[in-house]
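Chemist: Provided below for reference: sequence and predicted model.
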Amino acid sequence: MKRTRRLTVIATAVLVALVPACAAERPPTESGGWDDTGEVTYWMWDANQLPAYQRCATDFEARNPDIDIAIEQVGWDYYWGRMLTSFVANSAPDVFVNHTSKYGDYTSRGLIEPLDELIARDGPDLSQFVEGTGDLWVGDDGKRYGLPKDFDAVGIFYNATMARDAGITPEQMQNLTWNPQDGGTYEDVLARLTVDANGVRGDEPGFDPRNVATYGLGIAYPPGGGSGQTQWSFLTATLGWGHTDRPLWGTRFNYDDPRFQETIAWWRSLVEKGYMPPLEQAVGNELSQLLQAGRVALVTEGSWNISTFAKLGGIEMATAPTPIGPQGFRSAMTNSLADSIAAGSPNKGAAWKWVRYLASPECQSVVAEGGVVVPAIASVVSTAEAAIGAHGLDITPFTRQLREGTAFPYPAAQHAADIDSIMETAMERVMAGSADVSSFTAANEEVNALFTQG
Amino acid sequence: MVTVDADVTAAPTSRTPGREAGGPTPGRVLAWACLVVIILITLFPFYWMLRTALSNGTTLATAGSSWLPVDFTWGAFRRVLGLATLEEAQAEGGTGSAVDFWVYLRNSVLVAGLITAGQVFFGALAAYAFARMRWPGRDLVFFVLLTALMVPPIFTQLPNFLLMRDLGLVNTYAGLVLPFFFMTPFAVFFLRQFFLGISREIEEAARLDGAGHVRTFFRIIVPMSWGPITTLALLQYVQAWNEYFWPLLVGSERSVRTLTVALGVFRAQTPQGNPDWPGLMAATLIAALPVLLLFIAFGRKIVDSIGFSGIK
């Protein structure tokens, strides 16, 4: 798996380099067409949502007998590699689920269709979407490249039984505090949840940090690349730190800021204190499996995985919002997926009809009832919250961040893949203890150079 | 396995007088014990795959070090073979996506079969030319061919991919098979060594009887080299069956997707999501079965042929 994965990474890197070459050979806008009949291929990655979207497709085909929807599900691990090969091979899907961290690569090469004129002509009314979700899909050229389909936020999943045994109440979990000096009540809880091989808790005398049976906080590798979406961004944001000079499409990054570096230093200190597994114990594991195996008691994760956590057998899970920072507010990164149309599609007319239907209350209420994600259409959010809650986990600790205005958008930027590879390496070195947090200053220069070298 | 172990350790005590040279000396016993240990170590990953394949995906990690299947179920095999309903699959941590196992199996058999047939046929012809025919520049061409053996395949994948794209062969069987079809330097090299070992007198006798090169090749050389040719076919088949990267590049569409690529459906579906380990292990086991069957059917023959040629 490791080898194939490395091969895939190499091939993806080379293919990224190939895409502009063939885009120049065959301008996609010329190869595309505006037929409004025929087969529309649609790619998505989340198999859990597939049944709901299949129903949307069936409903759509009943209304539009001239159009067939062919849904192809490709798991996240392969999705972007296959997407690139398919664009290079001129066999790209007509419509596909797009991600904020990736679409800059596609807009800069003219591979996806701007939707502004179509929206002005046919709708939908953009005010129907949850505030902020639509803005993520306006590229750095000011054009809109997708209609938002859902949104997510980051929060805490924890083992409710272990918390009860440790004497931690759900009320405490709902009102955690944090600061980069002593970690606040968040660190207290992590210490309390940590248990060594002799049954001594992390906050009790005699605790052995080198022989831990259950760690308070889980970590998965790679630890968050440049965005730290689920790992640390909810902490840095409470200090007033932002990734870039502006929320979206920034061109100067701030990894040299002391607020960022002291947050990571605190996070890293959890490993030495024995509250978080060291790199060699965490690499290659999924958070959900570490939780299930009783190796960790609490993880920070995205709301898109809530149904995975709800389904975990053998343990009782609960959710909580991210901790409140030293300035008195909590924070969470929010992201929104959208459906984009390939510029080279021969039947963009039909593709647009499908995208519009996907972003309609009809389809999104079906998705809401599916109980996996929260749709971006404001009117069905409560339906989705109820459907997800019926599976056993409360999603409101996540969605409240949007209601209370404490959510901030995913820092979409150009060169996202390069930034992630620089920051992933830098972060792994720090977390492995082979570099100090001050090394981020050099990494930051490398990142910023991506924008000045053109 | 345990009984085999017991037999081996019990062997020295059951030694009887009048044994021939083949009897259990301490050295022999030690050798056998080592062999058994190696066999156990070799087989253990397969046992672990089977144990995981028979586990329930949603509870697997609750007993990560259990030697027996966790929460025993045939669910993973049912998912792989497309017998489980969507609800059943999702209830056990499986994917919500359909798995067209039989389509992928057909594709794998077809692609690996075509590649093997092409490589063995054309490779044998080329090997004969290099071993027996005299033509200007032969040794230079053979040297170039051997040099090609040194080029890591990864370097040719992308140029090949662009070629296939421009030929419009992406997502077709032709695109999957062509880069491997005509020959590989290894097949030529392998068979040439065997053809060189066939005595010239036989060939000269055939020549005297009026047979040309084509006739000599098909009537004399091929029947005499049946062992090495079968061995080569088997090796190439296994390699083609396991080929992953090229089918991933050019054959990712459902209609031509091979098993190796299709197994990806069991990997993480969402960022930081949970892979369907039991499904992946069950599918991998089933995908390995055809190759295993081939070895059971032809394994003896291969050992014989290699042994035979070694003596020569």
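Modeler: Received it, and whenever you're ready, just let me know what you need. Numbers count the residues shown, from 1 in each chain, chains lettered A, B, ... in the order given.
Chemist: what about stretch B:177-188 and chain A, touching?
Modeler: No - Stretch B:177-188 is not in contact with chain A by C-beta under 8 Å from any C-beta of the partner chain; minimum separation 14.8 Å. The C-beta positions use only the backbone N, C-alpha and C, and glycine is treated the same way.
Chemist: residues in contact with stretch A:421-433?
Modeler: For stretch A:421-433, the external contacting residues (C-beta atoms under 8 Å, 6 or more residues apart in numbering or on different chains) are A:219, A:221-226, A:255, A:264, A:268, A:271, A:278-279, A:435-437, A:439-440, A:443, A:446-447.
Chemist: try stretch A:273-281
Modeler: A:187, A:190-191, A:194, A:196, A:202, A:207-210, A:212, A:215-219, A:221, A:267, A:270-271, A:290, A:295-296, A:428, A:431-433.
Chemist: isn't there a helix covering residue B:78?
Modeler: Yes - using DSSP: H, G, I helix; E, B strand; the rest coil, the assignment for residue B:78 is a helix.
Chemist: which secondary structure elements does the helix or strand residue A:450 falls within contact?
Modeler: Using DSSP states H and E, residue A:450 falls within helix A:440-452. Helix A:440-452 is packed against helix A:258-273, helix A:416-431, with contacts defined by 3 or more C-beta pairs under 8 Å, 6 or more residues apart in numbering or on different chains; DSSP states H and E.
Chemist: what comes up buried for the first one?
Modeler: The one in question is helix A:258-273. Burial within helix A:258-273, assessed by neighbour count using 16 or more other C-beta atoms under 10 Å in any protein chain shown, is assigned to A:259-264, A:266-268, A:270-271, A:273.
Chemist: Check the last one too.
Modeler: Using 16+ other C-beta under 10 Å as the burial criterion, the residues of helix A:416-431 that qualify are A:416-424, A:426-431.
Chemist: For residue B:52, which residues are in contact?
Modeler: By C-beta under 8 Å, 6+ apart, the neighbours of residue B:52 are B:60, B:69, B:277-278, B:281.
Chemist: Sorry, wrong one. I was asking about residue A:153.
Modeler: Contacts of residue A:153 by C-beta under 8 Å, 6+ apart are A:302-303, A:332-334, A:398-399, A:401-402, A:407.
Chemist: and if you look at residue A:101?
Modeler: Per C-beta under 8 Å, 6+ apart, neighbours of residue A:101: A:227, A:410, A:412, A:416, A:420.
Chemist: repeat for residue B:67
Modeler: Applying C-beta under 8 Å, 6+ apart, the residues contacting residue B:67 are residue B:51.
Chemist: Try it again at 10 Å.
Modeler: Contacts for residue B:67 (C-beta atoms under 10 Å, 6 or more residues apart in numbering or on different chains) come out as B:47-48, B:51.
Chemist: Show me which residues of the stretch 151-300 of chain A sit near chain B.
Modeler: Within the stretch 151-300 of chain A, the positions adjacent to chain B are A:152, A:220, A:229-230, A:285-295, A:299 by C-beta under 10 Å from any C-beta of the partner chain.
Chemist: Can you check the residues you listed and name whichever has the most neighbours?
Modeler: residue A:152 (28 neighbours; other C-beta atoms under 10 Å in any protein chain shown).
Chemist: ok so it is a strand residue?
Modeler: Yes - looking at residue A:152 with three-state DSSP, it is inside a strand.
Chemist: Check whether it really touches residue A:384, as I assumed.
Modeler: No - Residue A:152 is not in contact with residue A:384 according to C-beta atoms under 10 Å; the separation is 11.5 Å.
Chemist: can you list residues touching both of these two?
Modeler: With C-beta under 10 Å, 6+ apart, residue A:152 and residue A:384 have common neighbours A:373-374, A:395, A:399.
Chemist: Could I get those residues in JSON lines, plus columns for neighbour count and secondary structure?
Modeler: Formatted as JSON lines, those follow (neighbours: other C-beta atoms under 10 Å in any protein chain shown; DSSP: H, G, I helix; E, B strand; the rest coil):
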{"residue": "A:373", "neighbour count": "25", "secondary structure": "coil"}
{"residue": "A:374", "neighbour count": "29", "secondary structure": "strand"}
{"residue": "A:395", "neighbour count": "26", "secondary structure": "coil"}
{"residue": "A:399", "neighbour count": "26", "secondary structure": "helix"}
